[in-house]
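Trainee: sequence first, then the predicted structure:
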Amino acid sequence: MVIEDQYIIQLLLSDKDEQKAFRLLVSKYSERLYWHIRKIVIGHEDTDDVLQNTFIKVWKGIREFRHESRLYTWMYRVATNEALNFLQEKRRGVHGHSDEITGMLENQLEGDSYFAGDEIQRELQKAVLKLPERQRLVFNMKYFDNMKYEEIAEVLNVAVGTLKATYHTAVKKVEESLRLSDTIIM
Amino acid sequence: MSETSEKYQQKNPFSVPEGYFDSLEDRIIRQVSQMEKPRRAGMVRFLRPFMGWAALLVIVVLAARWATGVPSQEMNITDPQLDADFNPTTEEILEYLTQEVNLAVLSNEILEE
């Protein structure tokens, strides 16, 4: 049975059923948000932390939710911001060098015991990690999460036309990275 | 990704510890239930959208007063001594000063009594 977001919001805004409503919300969206965050921060433990912070933010901010976007895209935005803030904190730890944070995430990918893919998939993830942050987000949401451009536009607050161009550029870069890594592997 | 997408059909290569999603919901609910209940939006929340405009209005009014040279409330005193149009003659000034002296003399006289 699919529970409508509108029903969940109504329960959340009522005083007596908000715990029940929040459970419904977590049940409906926790797994999707987990995978979204996981592709940004890579490690399982980090993803778990960021996901919990995301739901805490959602709990605190649900009364501020203004229905300007859908609940689902609003939560995606909260999760994205939490994941990016997490990376920002890590970046501060390595003196602000984005290359170093990419290297750290690549190392994490290499040693990740919860990576079930083969070598080619690992190379794809590495190629995606090399993208600039915004391109990486757009690529993940479009390619892995199969989100529509309109939904991504709501999450990132960017025009659809810009997103299409960003995705096109990201795909070209990923393909180029894979071609280069194939050459090295061979 | 026409050519490459065939190679990467299984899109999600990540996995999670066994039973992770089964316990996730309870862990999140437990953590959130320890927190303070979010408060209902109050008057501040209601007024928040208008606060910026109110502050802007105050700034515009103050800037306009400053630009046009309109005196502020504190300077708007009706004392004729501060009125630019008040130009007493020398005789009027001397008469005024004499009155002051007379009043001072009168005060001394009262005190001596």
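Mentor: Received it, and whenever you're ready, just let me know what you need.
Trainee: looking at chain B, what residue ends up closest to chain A?
Mentor: Here chain B gets closest to chain A at one residue, B:Pro13, 2.4 Å apart by CB to the nearest CB. No exception for glycine: its C-beta is placed from N, CA and C like everyone else's.
Trainee: list the contacts for that residue?
Mentor: A:115-118, A:121-122, A:124-125 (CB atoms under 8 Å, 6 or more residues apart in numbering or on different chains).
Trainee: nearest spatial neighbour of it, skipping sequence neighbours?
Mentor: Closest residue to B:Pro13 apart from its sequence neighbours, by CB to CB, 6 or more residues apart in numbering or on different chains: A:Gly117 at 2.4 Å.
Trainee: ok, now A:Asp145?
Mentor: Nearest non-adjacent residue to A:Asp145, counting by CB to CB, 6+ apart: A:His36, 6.4 Å away.
Trainee: how far away is that neighbour from A:Leu180?
Mentor: Separation of A:His36 from A:Leu180 (CB to CB, to the nearest Å): 28 Å.
Trainee: more crowded one of the two?
Mentor: Using other CB atoms under 10 Å in any protein chain shown, the more surrounded residue of A:His36 and A:Leu180 is A:His36, with 26 against 12.
Trainee: would you mind measuring from the more buried one to chain B?
Mentor: For A:His36, the distance to chain B equals 11 Å [CB to the nearest CB, to the nearest Å].
Trainee: my read: that residue touches A:Tyr76, true?
Mentor: Yes - proximity of A:His36 to A:Tyr76 meets the contact threshold set by CB atoms under 8 Å, at 6.5 Å.
Trainee: in chain A, what residue comes closest to chain B?
Mentor: Relative to chain B, the nearest point of chain A is A:Gly117 (2.4 Å; CB to the nearest CB).
Trainee: next one: the longest helix along chain A to chain centre, how far?
Mentor: Longest helix of chain A, by residue count under DSSP state H: helix A:160-185. Offset of helix A:160-185 from its chain centre (CA atoms, centre = their mean, to the nearest Å): 18 Å.
Trainee: show the average pLDDT along it.
Mentor: Averaged across helix A:160-185, pLDDT comes to 87.
Trainee: that one - contacts with which helices or strands?
Mentor: With contacts taken as 3 or more CB pairs under 8 Å, 6 or more residues apart in numbering or on different chains; DSSP states H and E, helix A:160-185 sits against helix A:119-129, helix A:133-139, helix A:149-156, helix B:2-7.
Trainee: helices and strands of chain B: which one bottoms out on pLDDT?
Mentor: Lowest mean confidence among the helices and strands of chain B (mean pLDDT, DSSP states H and E): helix B:2-7, at a mean of 46.
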